[in-house]
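Colleague: quick one: sequence and predicted model below, then my questions.
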Amino acid sequence: MKRFAALFTALDRTTKITPKVDALAAYFTQAPEDDRLWTVALLSGRRPRRAVTTTRLREWAAERAGLPLWLFEECYPVVGDLAETIALVLPDPSGTSTASLSDWMAEIATLAGMEDSERKARILAAWDRLDRTERFLFNKLLTGGFRVGVSQKLMTRALSRATGIDEAELAHRLMGDWTPATTSWAGLIETPDPAAQQARPYPFYLAYQVDGTPDALGDPANWLAEYKWDGIRGQLIVRGGDHFVWSRGEELMTDRFPELVAARDFLRPGIALDGEILAWADGRPLPFAALQKRITRKSVPKKLLAEAPVVFTAYDLLEEDGQDIRQRPLSDRRARLNAIIAALPADAPIRPSPLLPFDDWAALAETRSGARDIGAEGVMLKRADAPYLSGRKKGDWWKWKLDPLSVDAVMIYAQAGHGRRATLYTDFTFAVWHDGELVPFTKAYSGLTDAEFREITQWVRRNTLQRFGPVRQVKPEHVFEIAFEGIQESPRHKSGLALRFPRMARWRRDKPVAEANTLDDLRAMLAAWG
Amino acid sequence: MAVLSFTDRGIYCPAGDFFVDPWRPVDRALVTHGHADHARPGHRRYLATASAAPVMRHRLGDIPLETIAYGETRRIGDAQVSFHPAGHVPGSAQIRIEVGGEVWVISGDYKLEQDGLSDPFEPIRCHAFVSECTFGLPIFRWRPQAEVMTDINAWWAENAAQGRFSLLGAYALGKAQRLLAGVDTGIGPILTHGAVEATCAVMRAQGIALPATVPVTPDTDLKAHMGALVLAPPSALAGPWARRFGPAATGIASGWMALRGVRRRRGADRGFVLSDHADWTGLNAAIRETGAQRVFVTHGYTAVFRRWLAEQGYDADIVETAYEGESLDTATDQP
């Protein structure tokens, strides 16, 4: 663990790319192969199964530190990270350990099958042999979450430097649902096993947001446009006799969307489609909330299948007849895709995302302005002669989303932030007017600059009316423009509605509190777009 | 009877008709130390320690300030008053107030560890203790200053070897001088931001020994000082002032650096956990050593710390004040 902790410390001590790549490349050259493999797995978001509940961890840590549990619980939101909180409160260790990362991963794997008392003894023993950084990492691994400010792209670059293998090729080799238990360093990185390739998806290409208008993109004739759908990005793959549905997070979702088994009947094997999974009824997408119900279930009851059936809305073809065609221009891939889908029956759960005709940007702007009415959230622009790249690269794919919906609302409660924002008030509750009263309808945490958060923090400290634990009720004095992507009914909320992705678009210092929006304004939005 | 009452202008002693660290203008103010949230302008009369006076005059101008030595007793109305070292920054004091045999102590800001510069914290027996609790959670436990200085020296030496400046953010009053007194001056020259240099000059003038520093001005020849340690208030690190140093390494010395999230938000390469406030262990030890039964907590994690103290058997209360403790977000630590 010492070598891995040193790597983590080096990565954590800088925000600059070059030293991070240097540290990773050195690690991938020098560390034992099993440790390298685990590191690749962890940095590409592959987590070990959670070996212990966080409830138990909190109890054991508080007990070991000699603290009442309530006090530990008060510390957690200030730190914002359970693994770190535990590392900070535990007494200094009495020993050290030379066990490697993969040794500890093996230890963690054995914990899952143990009795609670034995598990506790093992974990306390581990805490007593690890220093603060090692403990923090051990706790991270125990609880299954691991993010250290290293993107997969950055890791792949370092891996490429250490192995001499091309970055794009490595990115592809790392796709899929492998774990260190199912593969080896050689089998994954150096000489990939063809059988393991059967299910493997391609790295996704991600778009950037258009800044203002697309005028800077040049001649509209060079671009293809389609709607931007509000669903789940995915790849639908048919190889051999099997089909696979992958999420952008490289999660295999095949069983969650049984409708898509039809792909085996309709598509010639050796095919990979890129597109959006949408809940779909009566010729248009259902609200995202309907799809959300499907995402959370591993197996789907019949009733839900009938209520929220899904379709795969395809917009790109990455593989045809077993050939990787990503280097062909989009116009060519699109033509092939259209030909394949045109041959399918109209009720097949695989449908094309139609190309939107336009002659100039003004015409496309017109189409975009109606996107919300057909259940889309804007338009996509893709360069017609571009290959299919991987990751987020500027230039060939752009999303041109609709301006968000917005209301002006009054801040009524404030709460300190977590983790990196623990010293600031950043979590606010907002209200709109109804019958002469302010009715809370949403929370928002983001959108202000650091300077604005500092200013509002000073203000909150001096204008607190009442405290409810960590929450402060403040004078209703400040109006903020709250932007959001969608609105839906929600009987669980006092206001009867819930927003999607609410954030603070602007601090409306110019607006008196009396001019904030009303609950009726929000209900009108719900009626129009909910 | 209560020696002190807590008002919207500050902590008040009726028997002596004076305030301690008031935040609104009053007739007579006893001031624990020169930080802006404790020493404010606009009072008619001030009383502070002789060693805190120069900085207060520097910051507040020509104020009607009387001084008192540590340990000296003075009678104000029906109150006996004395000032005792708080170990927070040079000149900082706890104020002991005795009325009719009842003793109350106001800690101001304090730390227990000796920093090599401030007079060390002195526990004062009392019936009631008014304590800060800026870092009143068990996640805050400081390592010894010597270890932190070793880390800072190693960081500075490595940057110097690569020809980079080491920009270190620290409070202009107290922390910056503590660092100056603690780092290995053999590694290279030390440059200072104007706010830091001004306080250093005041302290040197009152006889506090500090290593030589070079104030940064538009005319400073930076090439002649490559690899220097640069001391500046934390807020200056992200601004235009810091750009002149090119691709420098940045660090911040603060108790808040104990939290990885705060360090990341500040965007500094390195966080050095060094505070002029007591950590969890220090707060508990200090309160225990006063022998006080009543404890008032003023600023910091007051609600949590009060509950903890109550569970330990103290008669504990929260006092709302305008003190800020250690804030990373104070502009330059000036009023």
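Modeller: Yes, it's here.
Colleague: burial check on the residue of the stretch 201-335 of chain B found nearest chain A, number of neighbours?
Modeller: Of all residues in the stretch 201-335 of chain B, B:G261 sits closest to chain A, at 3.1 Å by C-beta to the nearest C-beta. No exception for glycine: its C-beta is placed from N, CA and C like everyone else's. When neighbours are defined as other C-beta atoms under 10 Å in any protein chain shown, B:G261 has 20 of them.
Colleague: CA atoms only for the helix or strand harbouring it, dumped as CSV, please.
Modeller: Following DSSP states H and E, one finds B:G261 within helix B:260-266. Extracted in CSV, the C-alpha atoms of helix B:260-266 (Å, rounded to 0.1, in the frame of the first residue of the first chain):
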residue,chain,number,x,y,z
ARG,B,260,-8.5,17.6,1.7
GLY,B,261,-11.6,19.2,0.3
VAL,B,262,-10.7,22.7,1.5
ARG,B,263,-7.2,22.3,0.1
ARG,B,264,-8.5,21.3,-3.3
ARG,B,265,-11.0,24.2,-3.3
ARG,B,266,-8.1,26.6,-2.7
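Colleague: pull out the buried residues from it.
Modeller: B:R260, B:G261, B:V262, B:R263, B:R265, B:R266 (16 or more other C-beta atoms under 10 Å in any protein chain shown).
Colleague: give me the contact list for the very next helix or strand once past it.
Modeller: Later in the chain than helix B:260-266, the nearest helix or strand by DSSP H and E is strand B:270-272. Residues outside strand B:270-272 that contact it (C-beta atoms under 8 Å, 6 or more residues apart in numbering or on different chains): A:13, B:148, B:151-152, B:155, B:168, B:249-254, B:256-258, B:262-263.
Colleague: now stretch A:501-511
Modeller: Under the criterion C-beta under 8 Å, 6+ apart, residues A:404, A:406, A:408, A:428, A:442-448, A:452, A:456, A:478-486 lie in contact with stretch A:501-511.
Colleague: please redo it, this time with the cut-off set to 10 Å
Modeller: With C-beta atoms under 10 Å, 6 or more residues apart in numbering or on different chains as the contact definition, stretch A:501-511 has outside contacts at A:403-411, A:426, A:428, A:430, A:441-449, A:452-453, A:455-456, A:478-487, A:515-516.
Colleague: contacting residues around the closest residue to chain B within the stretch 1-150 of chain A?
Modeller: Per C-beta to the nearest C-beta, A:L88 is where the stretch 1-150 of chain A lies closest to chain B, at 4.1 Å. Neighbouring residues of A:L88 by C-beta under 10 Å, 6+ apart: A:61, A:65, A:75, A:78-79, A:81, A:132, A:135-136, B:137-141, B:258-260, B:280.
Colleague: tell me which of those fall in strands.
Modeller: Residues of the contacts of A:L88 located in strands (DSSP state E): none.
Colleague: pull out the buried residues from the residues you listed.
Modeller: Here, 16+ other C-beta under 10 Å leaves A:61, A:65, A:75, A:78-79, A:81, A:135-136, B:137-141, B:258-260, B:280 buried among those.
Colleague: so where's the stretch 201-335 of chain B uncertain?
Modeller: B:328-335 (pLDDT under 70).
Colleague: which residues of it lie near chain A?
Modeller: Listed as neighbours of chain A in the stretch 201-335 of chain B under the rule C-beta under 10 Å from any C-beta of the partner chain: B:235, B:238, B:247, B:249-251, B:256, B:258-271, B:280, B:299, B:301, B:303-305, B:307-308, B:311, B:318, B:320, B:322, B:324, B:326-331.
Colleague: residues in contact with B:V130?
Modeller: B:4, B:6, B:11, B:20-21, B:94-95, B:97, B:104-108, B:292, B:294-298, B:317, B:319, B:321.
Colleague: cross the contacts of A:L88 against helices and list the overlap.
Modeller: Residues of those located in helices (DSSP state H): A:A61, A:A65, A:C75, A:V78, A:V79, A:R132, A:R135, A:F136, B:R260, B:W280.
Colleague: check the gap between the residue nearest to the second one when sequence neighbours are not counted and B:A286 for me.
Modeller: Excluding the flanking residues, the one nearest A:A65 by C-beta to C-beta, 6 or more residues apart in numbering or on different chains is A:V89, at 4.3 Å. Note on A:V89: its distance to B:A286, by C-beta to C-beta, to the nearest Å, is 20 Å.
Colleague: cool, A:L130 as well?
Modeller: Computed as C-beta to C-beta, the A:L130 to B:A286 distance reads 31 Å.
Colleague: residues near the closest residue in space to A:A384 that isn't next to it in sequence, how many?
Modeller: Leaving aside its chain neighbours, A:A384 sits nearest to A:S331 (4.4 Å; criterion: C-beta to C-beta, 6+ apart). With neighbours defined by other C-beta under 10 Å, the count for A:S331 comes to 14.
Colleague: same check, this time on the one 4 residues further on
Modeller: For A:A335, the neighbour count with other C-beta under 10 Å is 13.
Colleague: the helices in the stretch 101-250 of chain A, which residues?
Modeller: All helices of the stretch 101-250 of chain A, identified by DSSP state H, counting those that start in this stretch, fall at A:101-111, A:116-127, A:132-143, A:152-163, A:167-173, A:185.
Colleague: deepest-packed of those helices, please.
Modeller: Neighbour counts (mean count of other C-beta atoms under 10 Å in any protein chain shown) averaged over each of the helices of the stretch 101-250 of chain A peak at helix A:132-143, with a mean of 22.
Colleague: ends of stretch A:270-289, how far apart?
Modeller: Taking C-alpha to C-alpha, to the nearest Å, stretch A:270-289 runs 33 Å from one end to the other.
Colleague: for it, buried residues please.
Modeller: Buried residues in stretch A:270-289 (16+ other C-beta under 10 Å): A:271-280, A:285-289.
Colleague: mind checking which of the residues you listed land in helices?
Modeller: Those of these lying in helices (DSSP H): A:F288, A:A289.
Colleague: flag the least confident of the buried residues of stretch A:270-289.
Modeller: Least confident of those in the model: A:A289, at 76.
Colleague: number of residues surrounding A:R233?
Modeller: There are 15 residues near A:R233, going by other C-beta under 10 Å.
Colleague: for the one 4 residues further on, same thing?
Modeller: Burial of A:I237 is recorded as 25 neighbouring residues (other C-beta under 10 Å).
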